[in-house]
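Chemist: Next input, structure requested:
(chains A, B and C)
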Amino acid sequence: MYVYDSLDKTLLNQRVAEFRDQVKRRLDGDLTEDQFKPLRLMNGLYLQLHAYMLRVAIPYGTLSSDQMRKLAYIAKTYDRGYGHFTTRQNIQFNWIELSTAPDLLYDLSEVDLHAIQTSGNCIRNVTADPYAGAAADELDDPRIWSEVIRQWSTLHPEFSFLPRKFKIAVTGSKADRAAIKFHDIGLKIVRNNEGVLGFAVYVGGGQGRTPIVAPLIKSFLPAQDLLRYLDAVLRVYNRHGRRDNIYKARIKILVDSMGADSFAAEVAAEFDRLDPELLSVRDEDVSRLRDMFAQPFLRPDPDASSSLEDLVKKSPRLGLWFKSNTHPHKTPGYSIVTISLKPIGGIPGDATAEQMFAVADLADRFSLGEIRVTYTQNLILPHVRQADLFVLWQELERLNLATPNVGLASDIIACPGLDYCSLANARSIPISQRISDRFADLNAQHDVGPLDIRISGCINACGHHHAGHIGILGVDKKGEERYQLTLGGQGNGESEVGKIVGPGFDEDGIVDAVETVVSTYLTLRTKGEEFSQTLARTGQGPFKERLYDNR
Amino acid sequence: MPFILSANRLRDGAVVYFAQDDFWSERIEDAAAVPEDQVLELEKVGLDAEERNYVVGSYAIEVAAVSPPYSTRLRERIRSHGPTVGDLQKRAAVEDHQSRPMGGPEG
Amino acid sequence: MTIVNTSGDAVEQGWRTVESVESSGPHHGIIVSPAILQDSFDESDSAALSQVGVRLTVDDDVSEIAAYVPHLGLIELVFAHFKDGRPYSAATTIRRDYKFTHELRASGDVLPDQAIFLIRSGFSSVDVPDQFTAQEFKKSLMAYSVAYQSAYDSHLSLIDELRRSTPDVAAE
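Modeler: Residues are numbered from 1 along each chain as shown, chains lettered A, B, ... in the order given. A predicted model of the protein is given here:
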C-alpha cells in the first residue's frame, strides 16, 4: 500500500490546520455561509437534513486495517456508532458537528486519511478497480496510476474551482469493475503493439440528469504522458465548460456539444503546448510507487481448492457464499472475498463501529491487513488463503457480514435518499429494504442469477440507477414519492444507460414491479441466460405487458 | 394555513425551530406558528439569526396543524423526526423496519 | 484598495484604472479595457505599452490582444465570482503561451483562502477585496510549505518541498 512520506504528512497536517482556521472564522462570523460553503465542501463537509455529513476519502478504495479501525473509532466518537460506505468507494458519517469536525480530521490524519476533495467543484477522490493487485486479468495495478493522479490533483492551484465536480476512474483489467465510462475521465490501462504501457482515455461520461457513456477520446496515451494529458483536458474544460447552468456544467455536456472529435483536437492542441518536462510522469516515481503496491509474497497453494470442495458439500450456505462472495485470485489457492454490507432487509453500505473493528481484525488475520471498498457498497478482503475461507466465513456469519448475495437481487446499490440527503426527492433506503425482504430466499436469488438493482432518490443519480439492470429513480410528484423504473442499464463490465419502462409507481407498487420484472424474466429465460441477456434478446415489450396490462 | 420557521444550527447542523425571542428549539412542538400574513416578519427573524451566525438556511414551512405542527411534506416530517429507517443501531432492536416513526394528524 | 504581492505584503498601488485615454500622452501606470488598448495604442510601441496595463474580465479572450501582451506592464484578471475559476487557467496561459513576465494581478471577488492557488497559478499580485485584509491573505499564503504540483509558480520561496521536478519561475 502507499505509505505517506514527510511531504504527504506535512501537507495533510497543514490542510487540517487550515480547515480548523476556516471553521473558526466561520463560527466567528468572519466568513459568510456563501463563502464558507465551497471551502467546507472541498473538505467533504455537507450540511444535510439532520446534521453535517462528512465524506471521508478512501483513496481508490484501498484501506489498511489500522485505517479501518480509525473509521470505527470516528463512528463511535463523533457519530452515532455507524458509517455509510458510498457508491464512490468513500465512507460518510451522518451526524457530524461543525465545531468538532476539525478534531475529527486531525484524528483521521493520524492514519493518513482525510476528506480532501470528496466534494466541491474540483477533482474528486480517484476511484479504481477494487480487485486491484489481486485480479488475474490485470495488465497493471491501477492504484499506481491512481496515486499519481491523487497527488497531481490534490490542492491543484488551477483546477480547484471548476465549473462542476470532476471524477476520474482507473481500471487495469479487461473486466471493467470501476465503471470507468460513467466518469468524467475513465482510464483503461492498455499496451500498444510495441508493448508500451499506456491508457485508453474516455472523456465525458456520467450519470445524473443526462446519463452518457463516455466516448473514447484517445485510444493510446503513453503512461508517462498521463498528467500532461489530464492537465490539457482539465484546462479545456475549465476554460470552456458552462457556468451558467448547473445541469449543463459537467464536462460530458461540453464534449457532447463540441463533438468528441473536436474536443479531442482541442485537447491535443493544448497538450502540444504543454512542457513535457514539467508534467512527465518520471520513471523513478513510478517504480517507487510500483514497489509500494507490489503484492506481498503469497505462497501458492494449488491443493486448497479440493479440500474446499469437501467443505462446501457439508454446508450448503457456505457453498452459496463461496459461489457469490468469492472471486479467483491471481495466486493459486487464494481468493478475493467480498464482505456483503447488504444483509436481507438492511441498509445498503451501512456498517457499525463494531463491524468495522471486527473487519479490521479479520483483515489482519486473513488478508495481510488489506481491505478494499467497492462502489457497490461492499467491502473486500483481497488476499485470503482458501484454506482459511471456512474460518473466515464463520467469523463473518457471526458478524452478519456473510450474506451470500454479492451480485444478486438483494445486493442493491442505494443512495441515502430522503432519509438523510437534503437534495433527495424521495427515500431510497426503505425501498431497497423492502425489495431485499421480498427476495429474502437466498437459494431463489442464486437461481435468478446475476441481477443488479440500483436506486437513486433524486436525478443526481448517486445510486447509479441509470446503470442498473433494474434502475429505480425516486421523484416527488405533488408531494408524493413516486418511483420510475428503468430496465437495461449496465454498470458492471459493460456500460449502458437503462431506459424508462413506463409510468412510475408508488412505494408499494415499485416493490411489486421489481418482483414482476424478475418473474417475467424467469418465464422468458432460456437455459443459462442471465437477466440482462434475456432483456437484450426480448426487449422491454414482454416486461411492459406484464407490468402495465392489469392497470 | 399557518407557518413555522426552521433552519439548521450553524455550530452542529441540528434542525431547529424558532420558538420565541432568541430561542430556537430542537423540538418542532416548540415552534411558533404564525398566520400567513406574518410570514415576512417570520422570515426576517430567520435572516437576523443567520446574520448573527446562529443558524443557516432558514425558511418558513407551511403547516397543516399547529399543535403539534404538522407539515404535509415528507421531507419536513423526516427533518423533525429523523430518518424513517432509524439509526442503524436502533434499527437492530426494531423488528418491523417498515414502521415509520413519524407523527401525523392521526398520531 | 490594498494590493498584496506574492509574499502577502501590502505594496504601493502604482497603477490607476481609467475609463478613457487622452490622445496626447504620456500615459504612466494606467489600466485600460482591451477596447481602449486597441484604440489608443500601437501594438509595436513597446516603450509606451510598458507603462500600460489591461484589465480582462472572465469573458475577454486574451488572444484578441495577443500582439500587445508581451509588452504590457500589467495584466489584471477580474474574478466575477470566487467560484468561477477561469482566471486561474487564463493566468497559466498568459505566463506560458505569451511568456508574460510582468505584473499579473487578480482582482474582483477573491477569498484569502484562495491566495496560494492564485500565486501558484502565476498571479504576482492581488487586489484585496474591501471585506478582507492583507494580513488575511498573508496568513493564507503561509498555510502551506509543500506542494505536489510543479505549477507555474511565481512564488517558490514559500514552498519548501515540491514532489515534482523543478518548475518554471515565470515572474519577477
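Chemist: what's the strand or helix carrying A:Tyr202 in contact with?
Modeler: Per DSSP states H and E: A:Tyr202 is located in strand A:197-203. With contact meaning CB atoms under 8 Å, 6 or more residues apart in numbering or on different chains, strand A:197-203 is reached by A:139-140, A:145, A:180-181, A:183-192, A:214-223, A:225-226, A:229, A:233, A:251, A:255, A:260, A:263, A:267. Bear in mind the C-beta positions are built from the backbone N, C-alpha and C, glycine included.
Chemist: For chain A, give me its nearest residue in chain C.
Modeler: For chain C, the residue closest to chain A is C:Gly85, as judged by CB to the nearest CB, at 2.9 Å.
Chemist: Excluding residues flanking it in the chain, which one is nearest that residue?
Modeler: A:Phe161 (2.9 Å; CB to CB, 6 or more residues apart in numbering or on different chains).
Chemist: Could you measure from A:Thr374 over to chain B?
Modeler: 19 Å (CB to the nearest CB, to the nearest Å).
Chemist: same deal with A:Thr118?
Modeler: 17 Å.
Chemist: if I look at that residue, how far off is A:Ala179?
Modeler: 18 Å (CB to CB, to the nearest Å).
Chemist: still on that earlier bit, so what's the backbone phi/psi at the residue nearest to C:Gly85?
Modeler: Per-residue torsions, A:Phe161: phi -130, psi 70 (degrees, to the nearest 10).
Chemist: now do the one 4 residues further on
Modeler: Comment: the main-chain dihedrals of A:Lys165 come out as phi -60, psi 160, following degrees, to the nearest 10.
Chemist: Please look at it and A:Thr118 and confirm they touch.
Modeler: No - contact criterion CB atoms under 8 Å: A:Lys165 and A:Thr118 do not qualify, at 10.1 Å.
Chemist: which residue packs closest to A:Gly491, ignoring adjacent ones?
Modeler: A:Ala467 (3.0 Å).
Chemist: The one you found against A:Glu496, yeah?
Modeler: Yes - using CB under 8 Å, A:Ala467 is in contact with A:Glu496, at 7.3 Å.
Chemist: In a strand, C:Glu76, correct?
Modeler: Yes - counting by DSSP: H, G, I helix; E, B strand; the rest coil, C:Glu76 is located in a strand.
Chemist: so what pLDDT did it get?
Modeler: Predicted confidence (pLDDT) for C:Glu76: 98.
Chemist: thinking again about what came up before, check which residues of the helix or strand following the strand holding A:Tyr202 are buried.
Modeler: Sequence order places strand A:216-222 as the next helix or strand after strand A:197-203, per DSSP H and E. Using 16 or more other CB atoms under 10 Å in any protein chain shown as the test for burial, strand A:216-222 gives A:217-218, A:221.
Chemist: Of those, which is the nearest to chain B?
Modeler: Distances from chain B to the buried residues of strand A:216-222, taken by CB to the nearest CB, are shortest for A:Ile217, at 39.6 Å.
Chemist: Go ahead and confirm the closest one touches A:Asp261.
Modeler: No - the criterion here is CB under 8 Å, and A:Ile217 misses it with A:Asp261 at 9.0 Å.
Chemist: The residue of chain A found nearest chain C: how many residues sit nearby?
Modeler: Nearest to chain C, among the residues of chain A, is A:Phe161, at 2.9 Å (CB to the nearest CB). By other CB atoms under 10 Å in any protein chain shown, 22 other residues sit near A:Phe161.
Chemist: quick one: contacts of the helix or strand bottoming out on mean pLDDT in chain A?
Modeler: Least confident helix or strand, chain A: helix A:304-314 with a mean of 76, by mean pLDDT, DSSP states H and E. Contact with helix A:304-314 is made by A:318-319, A:322, A:332-334, A:385-387, A:389-390, as judged by CB under 8 Å, 6+ apart.
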